[in-house]
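J.: Fold the stuff below for me.
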Amino acid sequence: MPVIAGVESAKQYPSGTFVRFFAKAPTFWMLVLISILVMSLHACGWLCLKCLTKPVLREKPLIMEAAIIPASVTKPQLAPLPPPPATKKPLQKVPRKHKIKAVVPIDPEPSEFSQTTQLLESTSVTSLVPESVIASNTESVTKNAEQLTEVTIDTQHADNPKPNYPAIALRHGWQGQVLLRVQVNEAGVSEDVTIERSSGYELLDESAVEAVKQWHFNPAKRGDMAVASSVRIPIVFMIDDQAPAPA
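T.: This next block holds a predicted model:
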């Protein structure tokens with residue numbers, strides 16, 4: 001029989017338990033143990049190899065999703081505006097009544113402006129009556145005077161403008177009476193207007209003159225014949241229907 005190394009060893013080391021086991025075990029068990037040992041080594045090698053070749057997992061970057069959420073803007077509550085102060089309605093000024101009186105040709109001073117005097121003045125200016133008649137016989141003058149019809153305003157004429165009351169005069173309360181002398185020709189048209197007595201205010205005087213210049217008259221007549229003559233016309237400017245005191 002062949003010599004077994006284990007037996008020899010057992011003989012050499014008789015006191016060891018392991019040695020005694022190998023010395024007594026047959027060859028089959030030796031092969032099993034060797035196989036198990038080899039398999040264990042292979043398994044350990046395989047596990048080590050697997051650990052070494054295991055892929056390194058890279059950490060995935062942390063992806064953060066950000067969503068823009070619109071912030072709710074709360075509108076500041078405005079304090080209510082105070083109610084506007086009640087505005088007092090301005091008192092409506094009642095316009096002062098003003099009145100302009102265009103007095104028809106009258107004789108404001110009867111003692112001075114008689115028919116005879118008017119006739120003499122008319123004939124002296126226009127020389128319609130021969131001077132010899134006036135100088136020689138006063139009775140004939142008086143007789144002619146009775147036949148003379150005075151100048152009158154043509155009230156039917158639509159173009160006779162009313163004198164304008166100037167705004168400045170109204171604002172300052174200017175009032176007055178203007179006495180005008182008007183030279184009227186045979187056609188009843190005023191040829192010349194002069195101021196015999198002022199109202200005291202130039203604006204009132206000018207307004208009266210400008211208006212009367214555009215008037216139409218019924219001319220004076222001697223019998224049936226129209227003659228040139230002059231007439232005095234007072235124009236009254238007054239406010240609140242109160243005529244001014246005569247100057």
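
J.: for this structure, where's the lowest mean pLDDT among helices and strands?
T.: Every helix and strand of the chain was ranked by mean pLDDT, DSSP states H and E. The lowest is helix 115-126, at a mean of 34.

J.: doesn't Ala211 make contact with Ser190?
T.: No. Between Ser190 and Ala211 there is no contact under C-beta atoms under 8 Å: 10.4 Å. Every C-beta, even on glycine, is put in place using the N, C-alpha and C of the backbone.

J.: so who does Val209 touch?
T.: By C-beta atoms under 8 Å, 6 or more residues apart in numbering, the residues touching Val209 are 178, 180, 193, 195.

J.: Select, from those, the two members most distant in space.
T.: Val178 and Val193 (10.3 Å; C-beta to C-beta).

J.: What is the longest strand belonging to the chain packed up against?
T.: Taking DSSP state E as the criterion, the chain has its longest strand at strand 229-239. Helices and strands touching strand 229-239, by 3 or more C-beta pairs under 8 Å, 6 or more residues apart in numbering; DSSP states H and E, are strand 98-102, helix 115-126, strand 176-184, helix 202-212.

J.: What residue spans form the domains of the protein?
T.: For the chain, automatic domain parsing gives the domain ranges 5-51, 98-239.

J.: Going by mean pLDDT, which of those comes out lowest?
T.: With a mean of 69, domain 5-51 has the lowest mean pLDDT of the domains of the chain.

J.: one step back: now restrict the contacts of Val209 to buried residues only.
T.: The neighbour-count test (16 or more other C-beta atoms under 10 Å) marks 178, 180, 193 as buried among the contacts of Val209.

J.: Dump the residues you listed to JSON lines, plus distance to Val227.
T.: What follows is these, written out as JSON lines (distance: C-beta to C-beta, whole Å):
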{"residue": "Val178", "distance to Val227": "26"}
{"residue": "Leu180", "distance to Val227": "20"}
{"residue": "Val193", "distance to Val227": "19"}
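
J.: top helix in the chain by residue count?
T.: When the chain is parsed with DSSP state H, its longest helix is helix 27-53.

J.: and that helix, what does it pack onto?
T.: Identification of packing neighbours for helix 27-53 by 3+ C-beta pairs under 8 Å, 6+ apart yields no helix or strand.

J.: Might one say that Asp192 is in contact with Gln183?
T.: Yes. Asp192 lies in contact with Gln183 (C-beta under 8 Å); the separation is 4.2 Å.

J.: between those two, who's got more neighbours?
T.: Gln183 (18 against 12; other C-beta atoms under 10 Å).

J.: That one and Arg232 touch, don't they?
T.: No. Counting by C-beta under 8 Å, Gln183 does not reach Arg232; the two are 11.0 Å apart.

J.: Now do Ile235 against Pro163, distance only.
T.: 6 Å (C-beta to C-beta, to the nearest Å).

J.: Give me the more crowded residue out of these two.
T.: Higher neighbour count among Ile235 and Pro163: Ile235, with 23 against 20, using other C-beta under 10 Å.

J.: Now do the contacts for the residue lying closest to that one once chain neighbours are set aside.
T.: Distances taken as C-beta to C-beta, 6 or more residues apart in numbering place Ala208 nearest to Ile235, at 4.1 Å, with adjacent residues excluded. Contacts for Ala208 (C-beta under 8 Å, 6+ apart) come out as 163, 178, 180, 199, 235, 237.

J.: Please repeat the previous calculation with a cut-off of 6 Å.
T.: 163, 178, 235 (C-beta atoms under 6 Å, 6 or more residues apart in numbering).

J.: Output the residues you listed as JSON lines; include the columns distance to Ala228.
T.: Converted to JSON lines, these look like this (distance: C-beta to C-beta, whole Å):
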{"residue": "Pro163", "distance to Ala228": "24"}
{"residue": "Val178", "distance to Ala228": "23"}
{"residue": "Ile235", "distance to Ala228": "22"}
